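J.: A predicted structure for the sequence below; I have some questions about it.
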Amino acid sequence: MVSPEPSSHPQPMTNPTLKAKASLWFTDGFLFLGGAFLALLLLITIYSFINPSPSSSPNFGRAVTPPISNPGRHSDPGPDLMSDPPDRTFYDDPELTYTIGSPVKNWDEKRRQWLMYHPSFGAGAAERILMVTGSQPSACKNHIGDHLLLRFFKNKVDYSRIHGIDLFYNNAFMHPEMKTYWAKIPVIRAAMVAHPEAEWIWWVDSDALFTDMDFKLPLEKYTSYNLVVHGWAHLILDTHSWTGLNAGVFLIRNCEWSMKFLEAWAAMGPQTPDYEKWGETLRATFKDKAFPESDDQTGLAYLIYKENEKWADRIYLESDYYFEGYWAEIVGNLENITEKYTEIEKRRGDEDVARLRRRHAEKVSEQYGAFREKFLNDAGSGYGVGSWRRPFVTHFTGCQPCSGAHNLMYSGTSCWDGMQKALNFADNQVLRKYGCRLIDHGHIEKANQVLRVQVTICTRLLTVRNYYCFV
């Protein structure tokens, strides 16, 4: 048997030095990676404390990032207030004026062009309203006049905020010769140019207030009209009465027709050389006119009566609800109205009533106003005996809260008490959403009985001037 010969190539021997170095490199690498991982973990931990994720516990000291909205619901971001493209518009015309006496030609086209260059204002443009109101530049002579005007203004701010309406308050004469009741026309004319995004300008006198904070203007009713005013056609056209309408509250469309109408209306004002003559003409036309000067209300009635064919087909005389209501026939019924509305919410076993009683954010108040409508079918329109619907607007015409020189057919007490009652009536509709209610001294016990059935339980009493706020 032949044995295999030993290999002529010697077998390599293991190098102990290289083996030790490899082990050392592996250990060092492992330690390095482990240290890096721990450092990274430590940084993530520290960062999470500094900037907690949305899923962490609520932090009420920081702004909350709103969730991404459902694309099919409320996805419209609204008007872009930071965008005004360089394209030329009517604002770039050096001949443009904001004043009465200088009509803007082709106003409808110019508004349409501006909206085209500002497409973010397109959504809701047909129903966009700018409310305009104001008062005299100087302080009131009546010692409580400024306080009253502040409360009247707050009321308009409340209504506008609830219904998403922009509000412009003016206390400057925009035409040096058009003051007192004529001052509103140049303000409205300027507002049309300053707010091409608004389809409607809503003038509300300083002594008028909203006494139904839920009610919304039925704009769909006025689609074919450019001017809406509270009045009755037969009193103007047949009886020829200057009180056939009231010019203290009106809605006028921001359009070329309205610009021309304002010029015709202003032509009877004190800035014209025919002012005295117009006073004589108006008094001869409307025999019951109480004073000789030409005024805005009688001037408006004159245009409807004498220039009926030119203007009347675009003017809507609203008499179906209190678009503007005479205070003397309203304030005495406010307490009864409050009781009726409270009785609705006291009903048990009705899911819709339970929805009315539910506390909610002020921003969604319109929904609850719509809920309430089904319970007001037998409330009437707000007019006359037997109606218990809240009057939309209560106008303290003749009371002169700023000057105090009220019409002598009223007593000062009846005016001031009526204002406080109406203002509190309106305020309580707003303050309820803030867990509060104003109550007159003389009605504390009765009010306590009412409050016991309301959603908010009264826990403490706060004195606010001559009224009490239950929170």
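T.: Cool, got the structure.
J.: now the helices: where do they sit in the stretch 301-450 of the chain?
T.: 308-311, 334-346, 351-357, 365-373, 412-431, 444-451 (DSSP state H, counting those that start in this stretch).
J.: D93 and D166: what is the separation?
T.: Separation of D93 from D166 (CB to CB, to the nearest Å) stands at 24 Å. For glycine as for every other residue, the C-beta is placed from the backbone atoms N, C-alpha and C.
J.: hang on, the earlier thing: dump the helices of the stretch 301-450 of the chain into TSV; add mean neighbour count and mean pLDDT as well.
T.: Formatted as TSV, the helices of the stretch 301-450 of the chain follow (neighbours: other CB atoms under 10 Å; pLDDT from 0 to 100):
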stretch	mean neighbour count	mean pLDDT
helix 308-311	13	94
helix 334-346	15	92
helix 351-357	13	83
helix 365-373	14	88
helix 412-431	19	94
helix 444-451	13	39
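J.: quick check: which of those is nearest to L217?
T.: When the helices of the stretch 301-450 of the chain are compared by CB to CB, helix 365-373 sits nearest L217, at 12.2 Å.
J.: between helix 412-431 and that closest one, find me the angle.
T.: Counting by axes from the mean of the first three to the mean of the last three CA atoms, to 10 degrees, helix 365-373 lies at 110 degrees to helix 412-431.
J.: quick one: distance of helix 365-373 to the chain centre.
T.: 16 Å (CA atoms, centre = their mean, to the nearest Å).
J.: for L148, which non-adjacent residue is spatially closest?
T.: The shortest distance from L148 to any non-neighbouring residue, by CB to CB, 6 or more residues apart in numbering, is to P401 (4.2 Å).
J.: nearest the geometric middle of the chain, what residue?
T.: Central residue of the chain (CA atoms, centre = their mean): S160, 1.6 Å from the mean position.
J.: which strand or helix spans that residue?
T.: Take DSSP states H and E as the rule and S160 turns out to sit in helix 145-163.
J.: ok, and what's touching that helix?
T.: Identification of contacts with helix 145-163 by CB atoms under 8 Å, 6 or more residues apart in numbering yields 131, 133, 135, 139-140, 142, 165-167, 169, 204, 206-210, 213, 216, 362, 365-366, 401-404, 419, 423, 426-427, 430.
J.: repeat the analysis, applying 7 Å as the threshold.
T.: The contact list for helix 145-163, computed with CB atoms under 7 Å, 6 or more residues apart in numbering, reads 131, 133, 135, 139-140, 167, 169, 204, 206-207, 209-210, 213, 216, 362, 365-366, 401-404, 419, 423, 426, 430.
J.: now swap in stretch 287-306 and tell me
T.: By CB under 7 Å, 6+ apart, stretch 287-306 touches 181-182, 184-185, 236-237, 240-242, 244-247, 264-265, 268, 275, 278-279, 282-283, 285-286, 311-312, 315.
J.: would you mark the buried spots in that stretch?
T.: 289, 293-305 (16 or more other CB atoms under 10 Å).
J.: one more: stretch 197-212?
T.: For stretch 197-212, by 16+ other CB under 10 Å, it's 197-212.
J.: please apply the same query to stretch 121-140.
T.: Buried residues in stretch 121-140 (16+ other CB under 10 Å): F121, R128, I129, L130, M131, V132, T133, G134, S135, Q136, C140.
J.: quick one: the strands in the stretch 151-300 of the chain?
T.: Secondary structure of the stretch 151-300 of the chain (DSSP state E, counting those that start in this stretch): strands at 166-170, 200-204, 208-210, 227-231, 245-253.
J.: partners of the last one in the sheet?
T.: Spelled out, it's strand 245-253. In the sheet, strand 245-253 lines up against strand 200-204 (antiparallel), strand 227-231 (antiparallel) (DSSP bridges).
J.: thanks a lot, catch you later.
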